[in-house]
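[1] could you look at this predicted model? Sequence included:
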Amino acid sequence: MIASVRRLVVVTAAVALLAGCGSSTAGQPAPVAGSGTNAGSAEPTSTTSTTSSSAPALTDMTNNQLCGLLTAAEATQLGGSEKGEPGYSTTNAHPQCQWSNETSLNIDFGKNTRSSQAPTGDGITNTPTTVAGLTAVLSHRQSAVREFCQVIVDVTETATMAFGSGLHDSGKGKYEPCDVARRLAEIVIPKVKK
C-alpha cells in the first residue's frame, strides 16, 4: 500500500513537472499552452505582475495577452497611454498591443521568426544585442519623416517578440526611441522568460 502511494506521488509529480514545460530556449523552460491561468482566455487575469504560473505561453500569444504584459504605471513611465489597444501589425499581421500618448509603444509576437530577420533597407541600422540573456537585435529606422526603434528578441527557437517605440510631437526632446524600446523589452522579457 505504501509503495503504491509513493509511486502515485512520484508519477503525479513527474506529470506536473512535464506539463509545466514546453520547448526551451537557452536552457530556460517555456510554459506550455494551457498550463498557465491565462492560457486560452481573452483577457489576462492580472496586469500588475506576471509569474511563471500565469505567464502566457510563448508558443502562441494573442494581442490581448500582449496587452496584459505591461501595467498602466509601466506604460505611462515610458510615455505611452495607461491602457493598451490590441490589434495586428500592418506590416506583418502579427498580434500586437499598442500604448499611444507622448510615445507610441508596441509589443508584437511573431511565430516562425528570428531576430536575424530584422528589417533592412535605407535608413535602418541593425545592432546585435541581448535582453535578459536572450539573443536580440536593436533595429533603428531613421527617415526625414519618422524615427522608430525596436528590439526584436528571440523568445523561443521559433518565435520572437518585438518591442517598438516611436515619438509623437509631444514626446520629442523628452524620450529617445531606442532607449524606450530597450527599457520596454527589459520590463517585459523577465515576465515571460520563466
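    Looks like it came in fine.
[2] I'd say Q142 and G123 touch.
    Yes: shown here, Q142 and G123 form a contact pair, counting by CB atoms under 8 Å, at 4.9 Å. Heads up, the C-betas are built off the backbone N, CA and C, glycines and all.
[3] low-confidence ranges, the protein, go.
    1-60, 194 (pLDDT under 70).
[4] what ranges does it have for its helices?
    2-19, 63-67, 72-77, 177-192 (DSSP state H).
[5] only the buried residues of stretch 161-179, if you could.
    Buried positions in stretch 161-179, judged by neighbour count with 16 or more other CB atoms under 10 Å: M161, A162, F163, G164, S165, G166, L167, G171, Y175, P177, C178.
[6] no wait, stretch 81-99
    For stretch 81-99, burial by neighbour count (16+ other CB under 10 Å) applies to S81, G84, P86, G87, S89, H94, P95, Q96, C97, Q98, W99.
[7] same deal with stretch 103-116?
    Along stretch 103-116, these residues count as buried under the neighbour rule (16+ other CB under 10 Å): T103, S104, L105, N106, I107, D108, F109, G110, T113, S115.
[8] same thing with stretch 150-157?
    Neighbour counts over stretch 150-157 (16+ other CB under 10 Å) mark Q150, V151, I152, V153, D154, V155, T156 as buried.
[9] can you list contacts of that stretch?
    The contact list for stretch 150-157, computed with CB atoms under 8 Å, 6 or more residues apart in numbering, reads 23, 25, 30, 58-59, 114-115, 118, 129, 131, 134-139, 160-165, 181-182, 184-185, 189, 192-193.
[10] inside strands: which ones of those residues?
    Those of the contacts of stretch 150-157 mapping onto strands are 25, 129, 131, 134-139, 160-165, per DSSP state E.
[11] and those residues, which two are furthest apart?
    Distance extremes for the ones in strands among the contacts of stretch 150-157: the farthest pair is T25 and S165 at 24.1 Å, using CB to CB.
[12] now, which of the ones in strands among the contacts of stretch 150-157 sits nearest T76?
    When those are compared for distance to T76 (CB to CB), S165 wins out at 13.8 Å.
[13] was I right about that closest one contacting A181?
    Yes: assessed by CB under 8 Å, S165 is found in contact with A181 at 4.2 Å.
[14] shared neighbours of these two, anything?
    Here S165 and A181 have C149, Q150 as joint contacts, going by CB under 8 Å, 6+ apart.
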